[in-house]
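Trainee: Sharing a sequence plus its predicted fold:
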Amino acid sequence: MLTRRLLQLFTGLAMYGISLAMFIRAGLGLDPWDVFHQGVAGRTGLSIGAVVIIVSFLVLLLWIPLRQWPGFGTLCNAVLVGVFADIGLALIPAFSHLGGQIGMLAGAVLLNGIASACYIGARFGPGARDGLMTGLARRTGWSVRVSRTLIEVVVLGVGWLLGGSVGVGTVVYALAIGPLVQLLLPRFMVPAALPSVTAVLEPAPVEPLARTS
């Protein structure tokens, strides 16, 4: 069971990083956080993978006042997504014609949905950005939807001002990723294992959210 969970976690994070590279190569717009990452990368000269890693650990610092604790998967997410994003950018060519861009965007959304279902289903803890949203919701009493919208509007706006790519892909991602993950997650959700087997890898339990809608 643990072997399957670890394999699913690492596979999911690798696919997530590759999907980020595909979004960039499609050139039709990124999701809000990656608009921010791309904007920072353009201003600093760092690779987008390096920016993803740095921002992940900075976001984890914001977990401290929220009394949110990372799991093993949270830390793996913080490192591996950025690493595989840079690998993907080194291997995947950019497309100059619209047909190729649309195909790349569609593949990126699908792969991102599968990747998200894989690493969430492995149950090793949320990514840094998702944990920030749920932690903020728990501490403030806001719904997850409000917390997520507030954070993503801010990072999208800052990323756009920094030169990140906003476009039809941003809208497609926003509309498609939730239903896609909801559809795929049951297929990848690993049944609960014995606590003695995974206690050192599982995140600490958190208080339930005040509202979830």
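Mentor: Everything's here; your move. Numbers count the residues shown, from 1 in each chain.

Trainee: Where does the prediction get shaky in this structure?
Mentor: Residue ranges of the chain with pLDDT under 70: 193-213.

Trainee: Setting aside sequence neighbours, what's the nearest residue to the most centrally placed residue in the chain?
Mentor: In the chain, the residue lying closest to the centroid (Cα atoms, centre = their mean) is residue 127, at 6.3 Å. Nearest non-adjacent residue to residue 127, counting by Cβ to Cβ, 6 or more residues apart in numbering: residue 77, 4.3 Å away. Every residue, glycine included, has its C-beta placed from N, CA and C.

Trainee: from memory that neighbour sits against residue 56, does it?
Mentor: Yes: under the criterion of Cβ atoms under 8 Å, residue 77 makes contact with residue 56 at 7.1 Å.

Trainee: So for those two, which residue has more residues nearby?
Mentor: residue 77 (28 against 21; other Cβ atoms under 10 Å).

Trainee: check contacts around that one.
Mentor: By Cβ atoms under 8 Å, 6 or more residues apart in numbering, the contact set of residue 77 is 13, 16, 56, 119, 125, 127-128.

Trainee: And for residue 30?
Mentor: Neighbours of residue 30 in contact, by Cβ under 8 Å, 6+ apart: 20, 23-24, 37-38, 164-166, 169-170, 173.

Trainee: Compute the number of surrounding residues for residue 152.
Mentor: Neighbours of residue 152 (other Cβ under 10 Å): 18.

Trainee: Using the three-state scheme, assign it.
Mentor: What DSSP: H, G, I helix; E, B strand; the rest coil gives for residue 152 is helix.
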